[in-house]
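How does the following fold in three dimensions:
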Amino acid sequence: MRGNIIKQWLGILTAGLVLTGCVIEEQTPSLVDPTNFATYQHPTGTYTLEMPPDWVVNDQSDAFAVSTEFSPPDTSEPLLNVYIVSLSTLPGTSSPESIDLDTLVAAYEGQFYAASDAVTKEQSRDIQPDGSLRIKLVVDSPQGTSQHNDFLQIVEPYLAVLRVRLPDDQTQMRTVSHVINTFAVNNSVGWASVLQQADSQYQDAVGFASLNAWVDRNGGFVVAGQVVNNAANALEFVRIEARLYDAENRLLLSQDDFVSSDTLLPGEYAPFSLIFSDGLPSGTVRYDLNASARYADIMNRNFYGPENFAVSSTADFDANGFLVVSGQVRNEGVTTANLVKAIAVVFDEQGRVIATDTTLTDVQQLPPGQTSTFSVSFAELGGVPNTFVVSAQGVAEE
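Residues are numbered from 1 along each chain as shown. As a prediction, this is how the structure comes out:
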């Protein structure tokens with residue numbers, strides 16, 4: 001059940017060129033001390049940059065594109081996104097000389113700024129000293145107005161993009177300016193975008209969606225999101241592992257747990273949340289997610305899935321400022337359900353998971369047609385709530 005919450009062209013660059021011309025304008029220039037910055041190298045080797053060691057790295061790369069978000073701690077929106085694809089995947093780019101600037105910029109803006117509830121206004125395009133193209137944009141959305149400086153450049157054989165959301169805080173502005181001026185593309189690593197063929201049937205059995213990460217009020221690092229069953233058969237015992245790495249790609253710490261749903265039918269989603277309660281180890285620059293599962297024995301299982309329940313729910317903030325999701329679960333199936341539980345997931349405006357929890361219903365044995373209540377309270381959220389989903393499941397009585 002889903003409800004509403006009430007309250008990722010172009011100048012020609014030479015190999016390995018550093019983006020030294022992408023300086024964000026600031027009224028009061030000030031030096032940024034880089035001595036404590038960490039060097040981040042993407043696992044593909046396609047780029048490096050320097051960043052504050054406490055920034056959160058959210059790598060969303062796939063076989064087609066390198067895509068990484070960088071966020072200061074305690075911020076709900078990333079300030080920087082690095083996006084790299086092979087030129088050969090772009091229409092009309094058989095050679096750099098064949099590139100039509102206006103067409104590619106229009107395609108770029110359509111890909112990243114085409115939200116139906118937002119209005120994007122391009123203010124200017126400027127070729128920078130390093131040959132990159134800076135696009136100044138203003139985006140008006142229900143969440144407010146934001147300013148963006150996006151830098152597009154060709155480092156053959158790649159198109160590299162730095163998407164920058166300008167912060168209001170001048171200290172953060174200077175830090176972001178330093179970070180983007182350390183960005184360097186390595187075009188000798190041999191990585192290339194992989195286009196999935198239309199007739200290809202290959203997918204990971206367990207996929208990820210709605211990913212998010214933040215630092216909670218106690219200093220713990222939280223990684224949350226959803227998994228989806230891409231397999232043709234039901235899955236069970238779906239386990240998620242998050243691994244933290246330093247700039248030298250050394251494993252620093254890992255955390256794992258099972259998702260809240262006992263069984264996932266093909267196409268179904270289930271939320272997860274992993275917490276590194278002691279926070280990020282010193283030197284952490286990125287995290288990786290891995291999933292494992294086994295095929296479920298449907299013939300012998302007693303899983304009583306969401307299709308057997310009707311859920312009605314509401315969400316509101318209580319007197320303490322906690323978000324409370326509550327409602328009723330009704331057994332619409334033909335079998336008595338035991339150990340009935342409600343799984344609640346809260347999303348922000350971008351569809352990222354900002355909270356999830358599971359609770360047993362007040363009455364844990366529900367005969368057909370019977371109803372029980374539930375309530376879940378969230379003392380802390382990883383963003384601004386927008387929508388939520390509640391599902392129910394249990395164990396069929398034998």
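
residues of stretch 204-215 that come out buried?
For stretch 204-215, a neighbour-count test (16 or more other Cβ atoms under 10 Å) marks 205-206, 208, 210-215 as buried. C-beta coordinates here come from the backbone N, C-alpha and C atoms, glycine included.

how about those in TSV, adding pLDDT, distance to E268 and secondary structure?
Compiled in TSV, the buried residues of stretch 204-215 are given as follows (pLDDT from 0 to 100; distance: Cβ to Cβ, whole Å; DSSP: H, G, I helix; E, B strand; the rest coil):
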residue	pLDDT	distance to E268	secondary structure
A205	81	13	coil
V206	88	11	strand
F208	88	14	strand
S210	88	14	strand
L211	90	18	strand
N212	91	20	strand
A213	91	23	strand
W214	91	26	strand
V215	90	30	strand
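
hmm, which two among those are most spread apart?
Across the buried residues of stretch 204-215, the two members that end up farthest from each other (Cβ to Cβ) are A205 and V215, 31.2 Å apart.

How many residues are close by the spatially closest residue to V384 that is not a sequence neighbour?
Ranked by Cβ to Cβ, 6 or more residues apart in numbering and with sequence neighbours excluded, the top spatial neighbour of V384 is D348, at 5.6 Å. Counted by other Cβ atoms under 10 Å, the residues lying close to D348 total 22.

can you check V56 too?
As a burial measure, V56 scores 24 neighbours (other Cβ under 10 Å).

Tell me who's in contact with it.
With Cβ atoms under 8 Å, 6 or more residues apart in numbering as the criterion, the residues that contact V56 are 70-73, 213-215, 221.

From those, pick the one nearest H42.
With Cβ to Cβ as the yardstick, the closest approach to H42 among those comes from F70, at 11.3 Å.

I figured the closest one was touching D59, is that so?
No - with contact defined as Cβ atoms under 8 Å, F70 does not count as touching D59 (9.9 Å).

Which one's more surrounded, these two?
Comparing F70 with D59 by other Cβ under 10 Å, the one with more neighbours is F70, at 24 against 19.

what sits against that one?
By Cβ under 8 Å, 6+ apart, the contact list for F70 reads 51, 55-58, 78-82, 179.

Including distance to P281, could these go into TSV?
TSV is the format used below for these (distance: Cβ to Cβ, whole Å):
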residue	distance to P281
M51	16
W55	14
V56	13
V57	13
N58	17
P78	21
L79	23
L80	22
N81	25
V82	23
V179	21
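
coming back round to it: who's in contact with the residue nearest to V384?
D348 makes contacts with 76, 212, 354, 382-386, as judged by Cβ under 8 Å, 6+ apart.

Can you give me the neighbour number for S146?
Other residues within reach of S146 by the criterion other Cβ under 10 Å amount to 16.

Likewise for L274?
Other residues within reach of L274, judged by other Cβ under 10 Å, total 19.

Give me the next element, helix or strand, following the host helix or strand of it.
Counting by DSSP states H and E, the element that carries L274 is strand 269-276. Counting by DSSP H and E, the element after strand 269-276 in chain order, helix or strand, is strand 284-295.

And that next one, what's buried?
284-287, 289, 291, 293.

Name the nearest of the residues you listed relative to G190.
Distance to G190, by Cβ to Cβ, is smallest for R286 among the buried residues of strand 284-295, at 20.8 Å.

Could you break this protein into its assigned domains?
Residue ranges for each domain of the chain read 8-185, 206-295, 303-396, as given by automatic domain parsing.

Mind listing the strands the strand holding L274 pairs with, and their directions?
Using DSSP bridges, the strands paired with strand 269-276 in its sheet are strand 221-229 (antiparallel).

Mean confidence (pLDDT) on the strand it pairs with, please.
The predicted model assigns strand 221-229 a mean pLDDT of 92.

After it, which helix or strand is next?
Taking DSSP H and E as the definition, the helix or strand that follows strand 221-229 towards the C-terminus is strand 235-246.

In its sheet, which strands sit next to that next one, and in what direction?
Each strand that strand 235-246 pairs with, and the sense of that pairing, follows from DSSP bridges: strand 251-258 (antiparallel), strand 263-264 (antiparallel), strand 284-295 (antiparallel).

With S141 as the reference, name the closest of the ones you listed.
S141 sits nearest to strand 284-295 of all those, at 27.7 Å, using Cβ to Cβ.

Let me know the average pLDDT across the closest one.
The predicted model gives strand 284-295 an average pLDDT of 87.
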